[in-house]
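>>> Here is a sequence together with a model predicted from it:
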Amino acid sequence: MPWKAACASGWHSASEARRRGSVTLCRIPRVPCIPYNPRRVFPAGAFPMRRPLLLSPLFCGLILAHTPAGWAQRDHDQAIELVEVSAQRTRADALLFSESAVTRPTHDAGELLRSVTGMQALRRGGRGFDPIIRGQSQSNLNVVANGAYNFGACPGRMDPPSTYIGVESFDRVAVIKGHRSVIHGPGGSGGTLLFEHERPELGERGVSGSLTTGYTGNSDLLSLSGDVAAGNDRGYLRVFAASKRADDYEDGDGRQVASRFDSDSLGLVAGIELGSRGDLQLSHERSAEEDIAYAGNGMDGVFADSRSTSLRWRQQDLGPLDGLELSVYRSDVEHLMDTYSVRDRSPMPMGMAAPSSSDTWGGRLLASWQRGAVEWQLGADYRVNEQGAILYSDQGKDGIYDALVSRMWPDVRHRHRGVFAELDYAASAVDSLRLGLRWDDHASEARGSALPAGMQGMATPERLYETFYGSAAGQQDDAGLSMVLGWDRQLDSALLFSANLSGTLRMPDSSERWMARQTPMGAWVGNPALEPERHQQIDLRLEGGDAALGWAVSVFADQVDDYIERYREGSADLYRNTDALRHGLELDGHWSLNDALSARAGLSWTRGESDREDLAQIAPLELRLNLDYRRDDWAVGLEWLVADRQTHFNPAVDAEGPTPGFSVLHLYGHYSLATDLTLELGVENLFDRSYAYHVNAGNQDPFEPTALRVNEPGRQAWVRLRYAFGH
């Protein structure tokens with residue numbers, strides 16, 4: 001892709017367009033529908049009532065169908081692109097391609113990312129898949145959608161940030177493993193996930209879009225979605241919507257696994273040209289979910305609502321600058337979980353409920369200029385995240401809260417400021433270098449730590465911090481330097497070597513530093529005195545081959561000083577600093593055996609240990625093999641997934657000891673019924689095996705004292721019908 005075209009599609013500089021390697025991994029139907037329920041938590045004595053949904057899937061479909069023509073066109077039948085950034089510079093003929101798009105009916109962003117070698121996702125049920133990159137998860141990952149950060153509102157991570165992203169509508173997901181750039185915000189030691197909407201492609205007819213409907217057996221999951229774009233050379237508007245409903249599924253042993261959910265979302269992206277060198281883009285997305293059952297959590301989700309808005313201005317050739325970009329955003333999440341509304345989890349007359357919220361806003365200023373072989377990117381970013389969560393008792397399970405049990409997140413506020421500079425230098429025809437530095441200043445406080453909670457109001461958060469750690473609850477200030485040093489060398493026309501060194505600072509999150517939950521069953525208390533994690537990483541990669549036969553091998557290591565470890569002491573879940581090491585390797589390959597037959601393979605292995613014991617939630621050796629056969633208007637394929645037994649585990653976190661290995665087979669295919677009509681179908685877990693991933697949400701919920709692993713679905717057939725129009 002020429003660099004100017006790359007800039008037009010959302011990449012901010014020539015070197016960024018050259019650097020970003022692509023691994024096309026998906027063909028996802030366009031989707032998202034429904035309204036936001038604007039309410040702040042949390043009335044102390046009244047159940048937060050839901051409003052009726054303002055937009056039904058049918059109404060969304062009518063909106064899409066009657067969008068006026070005469071605007072811009074985009075080819076919505078294209079696959080969503082998963083872009084794996086593996087080097088400062090990646091050759092186009094070294095890319096690894098996969099059609100995971102049609103191999104699985106994906107309905108959650110975290111589940112989609114399981115397709116990438118070295119990535120896993122924790123399953124809680126049918127929603128809330130929590131992504132993991134090389135053994136790192138949660139606040140070790142930066143998740144950014146159209147420039148906006150979004151943090152979940154549930155202390156038990158029922159709603160990781162990726163769950164609120166309408167993955168069906170995004171055109172590109174960039175997966176950056178490890179810390180390779182300083183421009184994407186603070187932290188990100190495990191990696192960065194960038195979800196991006198592209199500018200619609202203009203066409204003669206002026207309007208284009210798609211309608212998709214699907215069904216997955218076992219869980220009786222029904223999905224309906226629409227996506228339409230229109231515009232001209234001066235501006236564009238794109239609207240997308242989706243509705244999904246699912247029941248509980250059965251695992252391979254015929255046991256019912258709690259996984260039901262109702263999910264609706266609605267969004268738009270609008271852009272306008274500001275002369276020949278500038279543009280302005282506005283994006284807004286809302287989602288509303290309810291009746292969300294979690295096998296891997298002690299509570300269920302009554303509702304989870306989010307809205308996210310971002311505005312981005314870009315200008316090229318501004319004085320001495322090649323480019324200047326300013327982006328601002330705001331993301332709000334409201335969440336309610338309890339033990340009785342979705343399912344009555346206890347025969348006792350008293351229920352528990354926990355309303356919570358998370359509000360995030362911020363922005364970034366980024367300037368770039370290039371002179372010869374040198375390109376600079378300089379900028380600053382600012383971010384505020386406010387989170388609150390309260391645990392109530394409900395004696396009659398009637399939605400009237402009787403007592404405030406714990407201020408789990410006692411009005412927590414995180415404020416971040418950062419400045420950064422990144423240099424890319426083409427040292428020669430075969431060598432490319434990168435140097436990046438950023439300085440971060442972080443302030444964190446629990447503004448409600450002195451407020452009463454518990455019996456007679458005595459269990460204040462600050463009293464819990466003092467009891468378990470001897471620590472005060474004052475504002476915690478942290479600052480530090482992060483860096484990136486990268487080198488790519490083209491060894492010959494078919495061989496590329498890449499090396500990346502980095503040092504990263506990762507701040508404690510709200511639960512690690514400020515959690516304050518105490519009940520008769522036990523305590524879950526954060527540690528205000530925690531030090532930030534300091535990651536020192538090395539990543540070496542060698543890739544080669546051509547379009548017919550390609551391969552890549554990566555080895556990595558991450559030494560963590562002051563690693564934040566969760567541990568149990570008696571009946572309490574607590575946090576402490578220790579030291580840890582993660583290391584592993586990844587292998588990828590693809591073979592085009594002839595014009596119709598191709599094969600792909602991916603293998604990953606990671607180990608993690610602290611100076612006390614094995615790290616929790618580290619996946620064992622995993623292998624994924626695909627065989628695909630394609631003709632002009634149809635294709636079939638199979639996927640074989642194998643995982644080894646995991647004997648390295650942390651007994652304080654990983655439930656039930658070692659995890660058995662497994663081997664499962666999936667079948668998939670598609671057929672073009674007409675030019676604009678495609679049928680996709682498949683069978684997952686063909687032999688109805690009972691299995692679970694070792695990285696599993698059922699292992700780590702302090703709300704559930706008897707956690708069990710969450711099994712994957714048993715055999716399930718799926719079908720999807722897609723209609724594209726206006727192309």
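Great, that's in hand.
>>> nearest spatial neighbour of Tyr567, skipping sequence neighbours?
Ala652 (5.2 Å; Cβ to Cβ, 6 or more residues apart in numbering). C-beta here means a position set from N, CA and C on the backbone, and glycine is covered the same way.
>>> That neighbour reaches Gly570, doesn't it?
No: assessed by Cβ atoms under 8 Å, Ala652 is found out of contact with Gly570, at 11.7 Å.
>>> Can you get me a residue count around the residue nearest to Tyr567?
16 (other Cβ atoms under 10 Å).
>>> Off-centre distance for the longest strand seen in the chain?
Using DSSP state E, we find that the single longest strand of the chain is strand 403-425. Once both centres are worked out by Cα atoms, centre = their mean, to the nearest Å, strand 403-425 turns out to sit 18 Å from its chain's centre.
>>> Listing partners with orientation, what would you give for the next helix or strand after it?
Downstream of strand 403-425, the first helix or strand assigned by DSSP states H and E is strand 431-446. Sheet pairing for strand 431-446, assigned by DSSP bridges, gives strand 403-425 (antiparallel), strand 476-492 (antiparallel).
>>> Dead centre of this protein: give me the residue that sits there.
In the chain, the C-alpha nearest the mean C-alpha coordinate belongs to Ser162, at 3.4 Å (Cα atoms, centre = their mean).
>>> gap between that one and Val144?
Relative to Val144, Ser162 is positioned 11 Å away (criterion: Cβ to Cβ, to the nearest Å).
>>> Find residues that contact each of these two.
Leu193 (Cβ atoms under 8 Å, 6 or more residues apart in numbering).
>>> thinking again about what came up before, name the nearest residue to the residue nearest to the centre of the chain, sequence neighbours excluded.
Distances taken as Cβ to Cβ, 6+ apart place Ala109 nearest to Ser162, at 4.0 Å, with adjacent residues excluded.
>>> burial of the one you found, as a residue count?
Applying other Cβ under 10 Å, I find that Ala109 has 26 neighbouring residues.
>>> wait, what's in contact with it?
Counting by Cβ under 8 Å, 6+ apart, Ala109 has contacts Phe129, Pro131, Ser162, Thr163, Ile165, Val167, Val173, Leu193, Phe195.
>>> Same list, these, but as TSV with distance to Met299, pLDDT and secondary structure please.
Listed next are these as TSV, based on distance: Cβ to Cβ, whole Å; pLDDT from 0 to 100; DSSP: H, G, I helix; E, B strand; the rest coil:
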residue	distance to Met299	pLDDT	secondary structure
Phe129	18	92	coil
Pro131	22	93	strand
Ser162	20	91	helix
Thr163	16	91	helix
Ile165	23	89	coil
Val167	25	78	helix
Val173	30	84	strand
Leu193	27	92	strand
Phe195	28	90	strand
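>>> Of these, keep whichever come out buried.
Among those, those classed as buried by 16 or more other Cβ atoms under 10 Å are Phe129, Pro131, Ser162, Thr163, Ile165, Val167, Val173, Leu193, Phe195.
>>> pLDDT below threshold where in the stretch 101-250 of the chain?
Within the stretch 101-250 of the chain, the segments meeting pLDDT under 70 span 101-103, 202-203.
>>> can you give me the strands for it?
In the stretch 101-250 of the chain, the strands defined using DSSP state E, counting those that start in this stretch lie at 119-122, 130-133, 136-137, 141-145, 148-149, 172-177, 191-196, 207-216, 221-232, 235-246, 249-250.
>>> wait, which of those is closest to Ser341?
strand 235-246 (17.4 Å; Cβ to Cβ).
>>> re the thing from before, any chance of the buried ones among the contacts of Ala109 in CSV, plus distance to Gln370?
Formatted as CSV, the buried ones among the contacts of Ala109 follow (distance: Cβ to Cβ, whole Å):
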residue, distance to Gln370
Phe129, 39
Pro131, 33
Ser162, 33
Thr163, 38
Ile165, 32
Val167, 33
Val173, 27
Leu193, 27
Phe195, 27
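>>> which among those residues gets closest to Arg689?
Once Cβ to Cβ is applied, the member of the buried ones among the contacts of Ala109 that ends up nearest Arg689 is Phe129, at 19.8 Å.
>>> Return the mean pLDDT over stretch 584-599, rounded to an integer.
Mean pLDDT, computed over stretch 584-599, is 95.
>>> Just the buried positions in it, please.
Gly584, Glu586, Leu587, Asp588, Gly589, His590, Ser592, Ser598.
>>> JSON lines please, covering those and showing distance to Ala557.
Shown next, in JSON lines, are the buried residues of stretch 584-599 (distance: Cβ to Cβ, whole Å):
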{"residue": "Gly584", "distance to Ala557": "8"}
{"residue": "Glu586", "distance to Ala557": "13"}
{"residue": "Leu587", "distance to Ala557": "17"}
{"residue": "Asp588", "distance to Ala557": "19"}
{"residue": "Gly589", "distance to Ala557": "23"}
{"residue": "His590", "distance to Ala557": "26"}
{"residue": "Ser592", "distance to Ala557": "33"}
{"residue": "Ser598", "distance to Ala557": "33"}
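>>> What score does Pro48 have for pLDDT?
pLDDT at Pro48 comes out at 37.
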